[in-house]
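1. Just a sequence and a predicted model for now, questions to come.
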Amino acid sequence: MTGTAIAPARILHLHSTFSAGGKELRCVQLINAFGPGVQHTIVSAVPDRMEAAKLIARDIAVEYPRDFPSLQGKPLPGRLLRLARAMQGYDLVVTYNWGAIDAAMAHMVFSGHFGLPPLIHHEDGFNEDERTRLKTRRNWYRRIALARAARLVVPSETLERIALVTWQLPINQVEQIANGICTAAFERPGRGNAIPGIRKSEGDLWVGTLAGLRKVKNLPALVRAFARLPEPWKLVIVGEGPEEAAIRTQAAELGLTDRVHLPGFIAHPANYVGLFDIFALSSHSEQFPISVIEAMAAGLPIVAPAVGDIAHMVSDENRSLIAPAGDEAAFADRLAETASEATLRAQIGAANREKARKEYDEGAMIARYRRLYANTMGRRSLP
């Protein structure tokens with residue numbers, strides 16, 4: 001007797017943006033891990049920011065509908081109704097961050113009427129407008145919009161605390177899943193020509209970072225801190241975004257134009273993160289940045305402010321290099337100290353690599369997402 005074939009799962013992803021940032025890269029990582037047995041539809045609230053789509057494996061069925069109702073706008077009943085109708089026909093709806101919260105609200109209001117599939121919401125952090133204080137109206141809106149979500153998934157302890165205390169979601173609705181990567185890929189030496197426009201020669205020393213060039217990343221402060229480092233140190237900022245001109249202006253004002261490099265977005269960071277000697281973040285706000293895990297797996301010391309979970313992510317040996325949040329002078333001191341001591345960099349880098357291997361490999365993360373998504377859809381497993 002032949003069993004009935006089970007149709008491939010259809011997952012609708014509603015993103016605040018599908019640029020190549022942390023949450024988008026994790027989404028791609030999961031899509032590729034689930035393989036061609038799952039079909040995906042991806043919508044971005046900013047339709048022209050779809051850079052992460054280039055990283056999805058070619059054998060996976062993905063649609064990018066241009067006629068999906070806008071995720072941006074006022075949450076008026078007619079617009080929420082259109083969003084709800086567009087969610088019909090899928091097995092799971094997955095929403096990401098504040099930029100897709102109206103879709104979660106539409107699902108909360110109309111899921112019973114239209115028999116909508118279950119919804120899982122992801123929160124990975126906050127933009128510049130909420131870096132110092134969460135907005136009360138947004139807290140209330142999230143609390144209402146997520147009331148019927150199957151799960152809220154967060155990567156950090158900080159966000160889990162916000163979800164439970166500030167948004168008052170029940171504990172069985174909130175799931176913390178730490179970001180993970182293929183740590184072995186980052187243990188290979190970086191390729192000397194992997195970053196366009198700049199080649200690392202013998203004797204060169206690099207401070208590097210991976211970040212969207214946005215205000216919340218506070219990258220002009222990284223340039224100012226780097227100004228204290230002597231030759232042959234160079235600063236390499238990999239990423240793209242609206243703050244590029246401000247970063248270049250800061251470098252020019254400090255006479256660093258020839259030592260500060262902005263090559264744009266570069267895929268496959270495992271090919272080049274190992275070229276860095278120090279990994280630095282200057283962000284006003286982070287939660288559980290994948291770039292820090294990548295740098296740890298590559299055996300680098302991390303210099304960063306104590307925002308989000310960064311101080312808990314790094315090894316015990318690295319913790320002294322984490323500056324108080326908002327203290328630019330302390331951040332610059334930590335960077336200068338790390339740059340001056342090669343032995344310290346090597347010792348801390350080795351400790352970070354060991355912790356990344358033990359705690360942040362992608363296998364555990366993928367397994368937890370696979371189980372969560374399958375259970376939420378009422379399936380025994382995903383491929």
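-> Cool, got the structure. Numbering: from 1, shown residues only.

2. Show me what counts as buried in stretch 34-49.
-> Neighbour-count burial for stretch 34-49 flags 34, 38, 39, 40, 41, 42, 43, 44, 45, 49 (criterion: 16 or more other Cβ atoms under 10 Å). (Glycine included, C-beta is placed from N, CA and C.)

3. what are the ranges of the strands in the protein?
-> For the chain, strands defined by DSSP state E occupy the ranges 9-15, 38-44, 62-63, 92-96, 119-122, 151-154, 174-176, 205-210, 233-238, 260-264, 278-280, 302-305, 322-323.

4. what's the most buried one of these?
-> Mean neighbours per residue, mean count of other Cβ atoms under 10 Å, is largest over the strands of the chain for strand 302-305, with a mean of 28.

5. Partner strands of it and their direction?
-> Sheet partners assigned to strand 302-305 using DSSP bridges are listed as strand 278-280 (parallel), strand 322-323 (parallel).

6. residues making contact with it?
-> Strand 302-305 is contacted by residues 278-283, 286, 292, 295-296, 310, 314, 318, 321-327, 331, 334-335, 338, 352 when judged by Cβ atoms under 8 Å, 6 or more residues apart in numbering.

7. mean confidence for that strand?
-> Strand 302-305 comes out with an average pLDDT of 98.

8. and that strand, how far from the chain's centre?
-> Taking Cα atoms, centre = their mean, to the nearest Å, one finds the center of strand 302-305 at 17 Å from the center of the full chain.

9. Among the contacts of strand 302-305, name the buried ones.
-> Buried by 16+ other Cβ under 10 Å: 278-283, 286, 292, 295-296, 310, 314, 318, 321-323, 325, 331, 334-335, 338, 352, out of the contacts of strand 302-305.

10. From those, which land in helices?
-> When DSSP state H is applied, those are split such that 292, 295, 296, 310, 331, 334, 335, 338, 352 fall in helices.

11. helices or strands up against the lowest-mean-pLDDT helix or strand in the chain?
-> Evaluated with mean pLDDT, DSSP states H and E, the helix-and-strand set of the chain has its lowest mean pLDDT in helix 157-161, which scores a mean of 91. Packing contacts for helix 157-161, counted by 3 or more Cβ pairs under 8 Å, 6 or more residues apart in numbering; DSSP states H and E, involve strand 174-176.

12. The strand it packs on pairs with which strands, and in what direction?
-> Using DSSP bridges, the strands paired with strand 174-176 are strand 151-154 (parallel).

13. Measure how buried the closest residue in space to residue 50 that isn't next to it in sequence is and give me the count.
-> Once its chain neighbours are removed from consideration, residue 50 has its nearest residue in residue 18; the separation is 4.8 Å (Cβ to Cβ, 6 or more residues apart in numbering). Counted by other Cβ atoms under 10 Å, the residues lying close to residue 18 total 25.

14. From residue 27, how far off is residue 18?
-> Counting by Cβ to Cβ, to the nearest Å, the gap between residue 18 and residue 27 amounts to 8 Å.

15. list the residues that contact both of the two?
-> In the contact map built from Cβ under 8 Å, 6+ apart, the residues linked to both residue 18 and residue 27 are residue 52.

16. Let me have the strands paired with strand 302-305 in JSON lines, adding mean pLDDT and distance to residue 199 as columns.
-> Shown next, in JSON lines, are these (pLDDT from 0 to 100; distance: least, Cβ to Cβ, whole Å):
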{"stretch": "strand 278-280", "mean pLDDT": "98", "distance to residue 199": "19"}
{"stretch": "strand 322-323", "mean pLDDT": "98", "distance to residue 199": "31"}
